[in-house]
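# make a model of this:
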Amino acid sequence: MAAAAALEAAAPTGALWGLVHDFVMGQQEGPADQVAADVKSGNYTVLQVVEALGSSLENPEPRTRARGIQLLSQVLLHCHTLLLEKEVVHLILFYENRLKDHHLVIPSVLQGLKALSLCVALPPGLAVSVLKAIFQEVHVQSLPQVDRHTVYNIITNFMRTREEELKSLGADFTFGFIQVMDGEKDPRNLLVAFRIVHDLISRDYSLGPFVEELFEVTSCYFPIDFTPPPNDPHGIQREDLILSLRAVLASTPRFAEFLLPLLIEKVDSEVLSAKLDSLQTLNACCAVYGQKELKDFLPSLWASIRREVFQTASERVEAEGLAALHSLTACLSRSVLRADAEDLLDSFLSNILQDCRHHLCEPDMKLVWPSAKLLQAAAGASARACDYITSNVLPLLLEQFHKHSQSSQRRTILEMLLGFLKLQQKWSYEDKDQRPLNGFKDQLCSLVFMALTDPSTQLQLVGIRTLTVLGAQPDLLSSEDLELAVGHLYRLSFLEEDSQSCRVAALEASGALAALYPVAFSSHLIPKLAEELRVGESNLTKGDEHIQCSRHLCCLQALSAVSTHPSIVKETLPLLLQHLWQVNREKEPSVLKKVLLEDEVLAAMVSVIGTATTHLSPELAAQSVTHIVPLFLDGNVSFLPENSFPSRFQPFQDDASGQRRLIALLMAFVCSLPRNVEIPQLNQLMRELLELSCCHSCPFSSTAAAKCFAGLLNKHPAGQQLDEFLQLAVDKVEAGLGSGPCRSQAFTLLLWVTKALVLRYHPLSSCLTARLMDLLNDPELGPAAADGFSLLMSDCTDVLTRAGHAEVRIMFRQRFFTDNVPALVQGFHAAPQDVKPNYLKGLSHVLNRLPKPVLLPELPTLLSLLLEALSCPDCVVQLSTLSCLQPLLLEAPQVMSLHVDTLVTKFLNLSSSPSMAVRIAALQCMHALTRLPTPVLLPYKPQVIRALAKPLDDKKRLVRKEAVSARGEWFLLGSPGS
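Numbering: from 1, shown residues only. Here you go, the predicted model:
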């Protein structure tokens, strides 16, 4: 019996010895996983594994010892949670001793220590012991990358779980890590090393006398110069390293004396990326620095920032320079001063003013705007800075406005003034007498009113914006100022068509100011508009009807614009209702149609009714629908006061009087109701809508009916009645799509019904979408069917909206893409040449409205079709495709760079398109191309710079602006640091 028991005990041990032998001597990798699995399942203990490895661990051949320790380490990595405290102690002592072994053994030893660093049962003091042994025995930077990474992981694990023990080492721990990191080059390891340094600082480890050494060992990588290799499996980007290093450099004020000279040196260099990185790092540092750290470097910092803003050819450098100045000023503003301390903020702002203010006196010179931007960046940092700069700059600008007589010069000065006034809105003052603007109020108002009466439209526009900002300052404008302002806005609201931009701006300003000063507008503007309306009613039939109608419309628009406060609405609403009653009473059919039945007026009413309906209480919604639906279906006007409707109301039957167009108002109401509100006579309503939707005599009405039908379908609960409505719709569509005058209306119905079903994931949506794809081959409806995909993927504003309680599933676009794009691609390849543009247009619309994270994985297969879409003569296809490609150039540069030759050629061709929108989009894509890897782009640089010279002379300012921006980036391509 004893012999049998001994044999049973020896059997598993013999199997273990065989696995160990296969791994160590047979150079097989599989046995390690098997041994680890057996230990985890309890078949063996770690002690048995060590005993089985005994001869291997003591073998005189280093490679054999390394294999033995490698097996033990792999077992520990899988089973470290099973170890007892006593076992951990012995294993730690063993591994520490082996750190002195042959260099071939060290990688396996480090793997074992990594496993032990994860042990919960690690006794106190052993973490310190392990790190001391590594610091003393291992020259980390001579190890391969993966082994160096293991060392960083060991340190990270101990910092996470044994922080107090490591802090007991004091500055020795910091010094030891500096030795470990010194000379590191691999970006994978640097990300971990930067994180360790950041934790050393942020968790208050002792740096002792090694602050400068810690700074040197990290700052030597600044600025980061790293380009990831093609198809890098690790996915480390330059931006990851930049942000990690910046977090270290900006983590403590103790680095300031070393870091600030380095930042100044790099800002002053010729390398664009170094400038940007340095300014962004300075910005981050200002969040933790105080006056003490900045004091000695302020003159040099200001000189560098000023030079970059004054002289740079890069908008990005200018923006970062201004942001850095803003942060510097904010830092100086928040520092708490001792009574005897020097106030650095005042002297710093004084230097800025000294270097910039004289340029403000030269509105025609190129440094006027850089100077204004610098002053505004500093002024926007704090209330103190704003007061200091504003009180010095405002008198100067007011003086310069009166000194210069040309409208263009005055516009520049007023725009600068406007920038400083806007900054005042950021700060609140408990004592209104403290406001710096109070002393300049009269001069500012006088200047603004001069601008509003200037013949220059551009100066008037700036004047209107300035008036709005002045009005937003609490208690600044007096009642006399407001009366004058209202008079100017009234005059500007009736300007001729050639001053349309001024008139629109005046209406917007009236709305904004009326909400703040309702009494002034009620007293001085509403009576004038009421009189204008009354005179307009009597003059509409006299004189030049076009002029009278135009002035009449301006008056209505002004009344609408100022109705932004409840007290004003109480005055304007009766005026408008009285006006409509008066127009109707005079029975002027042409005027009535002009006022009520124009598309624009009905669209505005749809918006108002829809918004109001979405906010109805359930009780009021249910009550209203019982009146509205019978009104439209049966002409039941009994609920109206005194049955005052002057004629029979039958919008579904009567088209002669234009009543049919009012179906749009019914759509706005019923399609905005909550889903739980029961609609009376629903069966009759749906049939009437279906019938009207395919009526060709009034496209506006038929479209409204189709949208209303679709909106009700979308909300209808699943069941037999919904299936019946859908069958009726499908039959109606198929009948209408045959030959006849109603094909266009039937197509519109198909489109809206499809959208209603796509939004709610209804099974029939796939059949209707397939029918829509079939129509891409139709000679008459093909282009409209292609545009239909834009509607299917877009958000609507009047029906089928979430606000209107429609059923809109969260990821309907992604699902539509997955279900239908393969069929679109297949259809494109099979289609005749004359039909292919329709497929490209449909595909372009789908991709353009798809969330970019969904599109990126599919990009390699779809990119060739997108590039082909750029050759399509249809401007809509070109614009949609360019809009789709631009963000992809920024987010997937590696994939896009494979097609750079085609992209450059097509974008340059489209930069000469007859369509201004296409030209702008093509130039924006040329700009985005510069984000591709520089070596890929450099062969095209001369060609692109020559080609982009042409749009610099484009007749449209917006095109010229994009051309300048794109050409500037191509000029900088390949320059140091770009």
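# the nearest residue to Cys796 once chain neighbours are set aside and Ala803: what is the separation?
In space, and not counting its chain neighbours, Cys796 is closest to Lys755: 7.9 Å by CB to CB, 6 or more residues apart in numbering. Every C-beta, even on glycine, is put in place using the N, C-alpha and C of the backbone. Lys755 sits 16 Å away from Ala803, going by CB to CB, to the nearest Å.
# higher neighbour count, the two?
The residue with more neighbours, out of Lys755 and Ala803, is Lys755; 26 against 12, by other CB atoms under 10 Å.
# close enough to count as contact, the more buried one and Leu791?
Yes: the criterion here is CB atoms under 8 Å, and Lys755 meets it with Leu791 at 6.3 Å.
# which helix or strand contains the closest residue to Met896 other than its chain neighbours?
The shortest distance from Met896 to any non-neighbouring residue, by CB to CB, 6+ apart, is to Leu889 (5.3 Å). Taking DSSP states H and E as the definition, one finds Leu889 inside helix 875-891.
# right, and the helix or strand after that helix?
Taking DSSP H and E, what comes next after helix 875-891 is helix 893-896.
# pLDDT averaged over that next one, what's the number?
Averaged across helix 893-896, pLDDT comes to 79.
# domain boundaries for this protein, per the record?
Here the domain parsing of the chain from the TED database is 563-680, 686-835, 885-977.
# helices of the stretch 751-900 of the chain, start to end?
Applying DSSP state H, counting those that start in this stretch to the stretch 751-900 of the chain gives helices spanning 764-774, 782-793, 812-830, 836-848, 852-855, 859-869, 875-891, 893-896, 900-910.
# from what I see, Leu367 and Phe310 are in contact.
Yes: counting by CB under 8 Å, Leu367 does reach Phe310; the two are 6.1 Å apart.
# on that earlier part again, what's the closest of the domains of the chain to Thr161?
The closest of the domains of the chain to Thr161 is domain 885-977. By CB to CB, the value is 38.2 Å.
# buried stuff in stretch 95-114?
Residues of stretch 95-114 classed as buried under the neighbour-count rule (16 or more other CB atoms under 10 Å) are 95-96, 98-99, 101, 105-114.
# which two from those residues end up farthest apart in space?
Of all pairs drawn from these, the greatest distance, 16.8 Å, lies between Asp101 and Lys114 (CB to CB).
# quick check: mean pLDDT of stretch 483-496?
Mean pLDDT, stretch 483-496: 88.
# contacting residues around it?
Stretch 483-496 has contacts (CB atoms under 8 Å, 6 or more residues apart in numbering) with 445, 449, 452-453, 460, 464, 467, 471, 477, 502-503, 505-507, 509-510, 513, 520-521, 523-525, 528-529, 551, 554-555, 557-558, 561.
# how about the helices in the stretch 301-450 of the chain?
So, for the stretch 301-450 of the chain - with DSSP H, counting those that start in this stretch - the helices run 315-334, 344-356, 368-379, 383-403, 407-424, 441-452.
# and Cys671, what does it touch?
By CB under 8 Å, 6+ apart, the contact list for Cys671 reads Gly610, Lys707, Cys708, Gly711, Leu712, Asp798, Val799, Leu800, Gly804, Ala806.
# between those, which is closest to Asp787?
Nearest to Asp787 out of the contacts of Cys671 is Lys707 (CB to CB; 16.1 Å).
# just the contacts of stretch 483-496: which are in strands?
Within the contacts of stretch 483-496, no residue falls in strands by DSSP state E.
# are any of the residues you listed buried, and if so which?
445, 449, 452, 460, 464, 467, 471, 477, 502-503, 505-507, 509-510, 513, 520-521, 524-525, 528-529, 551, 554-555, 557-558, 561.
# from Met667, how far off is His627?
Taking CB to CB as the measure, His627 falls 16 Å from Met667.
# neighbour count winner among the two?
Between His627 and Met667, Met667 has the larger neighbour count (other CB under 10 Å), namely 26 against 14.
# thought that one was touching Cys708?
Yes: if you go by CB under 8 Å, Met667 and Cys708 touch, sitting 3.7 Å apart.
# how about the nearest residue to Pro223, chain neighbours excluded?
Asp277 (4.1 Å).
# how about the one you found, secondary structure?
At Asp277 the chain is in helix, as set by DSSP: H, G, I helix; E, B strand; the rest coil.
# show me what contacts it?
Asp277 makes contact with Phe222, Pro223, Ile224, Ile242, Arg246, Lys266, according to CB under 8 Å, 6+ apart.
# what's the neighbour count on the first one?
Spelled out, that is Phe222. Using other CB under 10 Å, Phe222 has 20 neighbouring residues.
# and the pLDDT for it?
We have a pLDDT of 92 for Phe222.
# tell me the contacts of the closest residue to it other than its chain neighbours?
Distance criterion CB to CB, 6+ apart; nearest residue to Phe222, sequence neighbours excluded, is Leu245 at 6.1 Å. If a contact means CB under 8 Å, 6+ apart, then Leu245 has Leu190, Phe194, Thr218, Tyr221, Phe222, Ile224 as its contacts.
# redo the residues you listed as JSON lines? Include secondary structure and distance to Gly658.
Listed next are the contacts of Leu245 as JSON lines, based on DSSP: H, G, I helix; E, B strand; the rest coil; distance: CB to CB, whole Å:
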{"residue": "Leu190", "secondary structure": "helix", "distance to Gly658": "73"}
{"residue": "Phe194", "secondary structure": "helix", "distance to Gly658": "72"}
{"residue": "Thr218", "secondary structure": "helix", "distance to Gly658": "76"}
{"residue": "Tyr221", "secondary structure": "coil", "distance to Gly658": "74"}
{"residue": "Phe222", "secondary structure": "coil", "distance to Gly658": "72"}
{"residue": "Ile224", "secondary structure": "coil", "distance to Gly658": "68"}
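# re earlier: contact partners of the helix holding Leu889?
For helix 875-891, contacts defined as CB under 8 Å, 6+ apart pick out 787, 790, 837, 840-841, 844-845, 847-848, 852, 855-856, 859, 866, 869-870, 872, 895-896, 903, 907, 910, 913-915, 917-918, 921-922, 924-925, 928-929, 931-932.
# what about that helix, distance to the chain center?
Per CA atoms, centre = their mean, to the nearest Å, the displacement of helix 875-891 from the mean C-alpha position of its chain is 17 Å.
# swap in stretch 750-758?
On CA atoms, centre = their mean, the centre of stretch 750-758 falls 30 Å from that of its chain.
# heads up, I number from 33, so please use that
Sounds good: first residue 33 from here, last item stretch 782-790.
# in that stretch, which residues are buried?
For stretch 782-790, by 16+ other CB under 10 Å, it's Leu782, Leu783, Trp784, Val785, Thr786, Lys787, Ala788, Leu789, Val790.
# any idea of the mean pLDDT in it?
93.
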